[in-house]
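K.L.:
give me a 3D structure for the following:
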Amino acid sequence: RNAFCFCESLTSITIPDGVTSIGDRAFTQCTSLRSITIPDSVTSIGGGAFWRCTDLTSITIGKGVTSIGDQAFYNCTSLITVTFLGDTPKIEDNAFRKSSPTIYREADAKGWTNTLSGRPVNLINDALNWPFDDSVTILDEAKKTIEMLNQRQELDAIDKRLRESAFRDDATVNLDDWGS
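P.N.:
Prediction:
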């Protein structure tokens, strides 16, 4: 309980295998903590355990976790993914209140539905099968757009130089003279 509470400069931590629970408010307001892996030996995550860990982006929860307490991940505003390696734990409805991660789970894990504590649940394979072909196409299109913008800037610069040199000293140009 309160083990690392308010350790605002804590950026990472390794929870050793053999630890069986993460107490209430253990990492409360560790605002620089970025990611955490909870080993299979842990069976419970206490209430408010990661409360207001605002830089936390990802959590991997081992196979042993069977319960997650009230507001365990409350206000983890940067939390993107929570990956569960085991069966569905007993979890409070507001465990992810003011946090909006996508939940990932193993395909063969038991007890899962499409949501957990109000958050969408996907298979871990869904994350691994991200449409890379589409991303390559998007990147290619972005590169083409940048090239076109660069070419446009070059053309604008050439146009400007031509205008400046063509009309220097108030020279006039008769466009009829440029014909065929």
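K.L.:
using PDB, write out every CA atom in stretch 24-36.
P.N.:
Extracted as PDB, the C-alpha positions of stretch 24-36 are listed here (Å, rounded to 0.1, in the frame of the first residue of the first chain):
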ATOM      1  CA  ASP A  24      -3.900   0.000  -3.000                       C
ATOM      2  CA  ARG A  25      -2.400   3.200  -4.300                       C
ATOM      3  CA  ALA A  26       1.000   1.600  -4.800                       C
ATOM      4  CA  PHE A  27       1.900   3.800  -7.800                       C
ATOM      5  CA  THR A  28      -0.600   6.600  -7.300                       C
ATOM      6  CA  GLN A  29       0.500   9.700  -9.100                       C
ATOM      7  CA  CYS A  30       3.700   8.400 -10.500                       C
ATOM      8  CA  THR A  31       3.200  10.900 -13.300                       C
ATOM      9  CA  SER A  32       6.400   9.900 -15.300                       C
ATOM     10  CA  LEU A  33       5.800   6.200 -15.300                       C
ATOM     11  CA  ARG A  34       5.500   5.100 -19.000                       C
ATOM     12  CA  SER A  35       4.900   1.400 -19.100                       C
ATOM     13  CA  ILE A  36       4.700  -1.500 -16.800                       C
END
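K.L.:
how about the contacts made by Ile13?
P.N.:
Ile13 makes contact with 4, 27, 33, 36 under the criterion C-beta atoms under 8 Å, 6 or more residues apart in numbering. To be clear about C-beta, it is placed using only N, CA and C from the backbone, and glycine gets the same treatment.
K.L.:
verify the assumption that Thr83 is located in a strand.
P.N.:
Yes: Thr83 forms part of a strand when assessed by DSSP: H, G, I helix; E, B strand; the rest coil.
K.L.:
near it, how many other residues are there?
P.N.:
19 (other C-beta atoms under 10 Å).
K.L.:
can you tell me the SS state at Glu154?
P.N.:
Going by three-state DSSP: Glu154 is helix.
K.L.:
how about the helices in this protein?
P.N.:
Along the chain, counting by DSSP state H, helices occupy 124-128, 132-166.
K.L.:
which one of those has the poorest average confidence?
P.N.:
Mean pLDDT values for the helices of the chain show the minimum at helix 132-166, a mean of 64.
K.L.:
what about this structure, any weak spots by pLDDT?
P.N.:
2, 126-146, 148-150, 152, 159, 161-180 (pLDDT under 70).
K.L.:
recalculate using a threshold of 80.
P.N.:
1-3, 6, 125-180 (pLDDT under 80).
K.L.:
once you drop chain neighbours, what's closest to the residue nearest the centre of it?
P.N.:
The residue lying closest to the centre of the chain (C-alpha atoms, centre = their mean) is Ile80, at 4.3 Å. Using C-beta to C-beta, 6 or more residues apart in numbering and skipping residues adjacent in sequence, the residue nearest Ile80 is Thr57, 5.1 Å away.
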